[in-house]
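Enquirer: here are the coordinates; sequence isn't available:
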């Protein structure tokens, strides 16, 4: 991001000034730098580390929570339990919503109105949905503790407040 970010921003701003539609949109300019990383060895390394991370968390050597995007720091919204993020990615939520998505593939979009996504899946930090969550300032966390997920699911329909803390 530090290396490609300024170049991507300058390129995007130049294109916006030259097109009648004002494209590309601002979010796509910020997304460019992170997407470019996928073409480097960092992406392959991230895939290997993701598998290692899961083994370490299952063994107890690491905490059962992984914060992929911190969001604004404190996130509050109505908890909605969904089978998958893909099933609701084209929905729009009228009130701030925290989704408990039982499955996340990595290529989904974060629906409008969603302020947080919690999942038992731990997509790669470079996955499209992870990049979008960071760009939108949305909390995105993976929880590998089935008891904690069950307790959270029991709060469906209620307002929940999430505050990520370093391990």
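Expert: Alright, I've got the coordinates. What you see is a predicted model; the values in this text were computed from it and never measured.
Enquirer: C-alpha only now, for contacts and for neighbours.
Expert: OK.
Enquirer: scan the protein for its longest strand.
Expert: strand 75-82 (DSSP state E).
Enquirer: so which elements touch that one?
Expert: Strand 75-82 sits against strand 97-101, strand 114-119, strand 159-162, with contacts defined as 3 or more Cα pairs under 8 Å, 6 or more residues apart in numbering; DSSP states H and E.
Enquirer: closest one to residue 76 among these?
Expert: strand 159-162 (4.2 Å; Cα to Cα).
Enquirer: related to what we said a few turns ago, need the helices and strands packed on strand 75-82 in TSV with mean neighbour count and mean pLDDT, can you?
Expert: Listed next are the helices and strands packed on strand 75-82 as TSV, based on neighbours: other Cα atoms under 10 Å; pLDDT from 0 to 100:
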stretch	mean neighbour count	mean pLDDT
strand 97-101	26	98
strand 114-119	26	97
strand 159-162	14	97
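Enquirer: so which of those strands comes closest to residue 41?
Expert: Among the helices and strands packed on strand 75-82, the nearest to residue 41 by Cα to Cα is strand 114-119 (26.9 Å).
Enquirer: check which helices and strands the closest one sits against.
Expert: strand 75-82, strand 97-101, strand 139-143.
Enquirer: deepest in the core, which of the ones you listed is it.
Expert: Ranked by mean neighbour count, the helices and strands packed on strand 114-119 are led by strand 97-101 with a mean of 26 (mean count of other Cα atoms under 10 Å).
Enquirer: strands paired with that strand, and their directions?
Expert: Sheet pairing for strand 97-101, assigned by DSSP bridges, gives strand 75-82 (parallel), strand 114-119 (parallel).
Enquirer: so can I have JSON lines of these showing distance to residue 132?
Expert: Below are these laid out as JSON lines (distance: least, Cα to Cα, whole Å):
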{"stretch": "strand 75-82", "distance to residue 132": "17"}
{"stretch": "strand 114-119", "distance to residue 132": "12"}
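Enquirer: wait, which of the ones you listed is closest to residue 127?
Expert: strand 114-119 (14.1 Å).
Enquirer: what's the angle between that closest one and strand 139-143?
Expert: On the basis of axes from the mean of the first three to the mean of the last three Cα atoms, to 10 degrees, strand 114-119 is oriented at 20 degrees to strand 139-143.
Enquirer: past strand 114-119, which element shows up next along the chain?
Expert: Of the helices and strands lying after strand 114-119 in sequence (DSSP states H and E), the nearest is helix 128-136.
Enquirer: report the buried residues of that next one.
Expert: Residues of helix 128-136 classed as buried by neighbour count (16 or more other Cα atoms under 10 Å): 128-136.
Enquirer: now do that helix: which elements does it pack against?
Expert: Against helix 128-136 (3+ Cα pairs under 8 Å, 6+ apart) you get helix 26-37, strand 65-70, strand 139-143.
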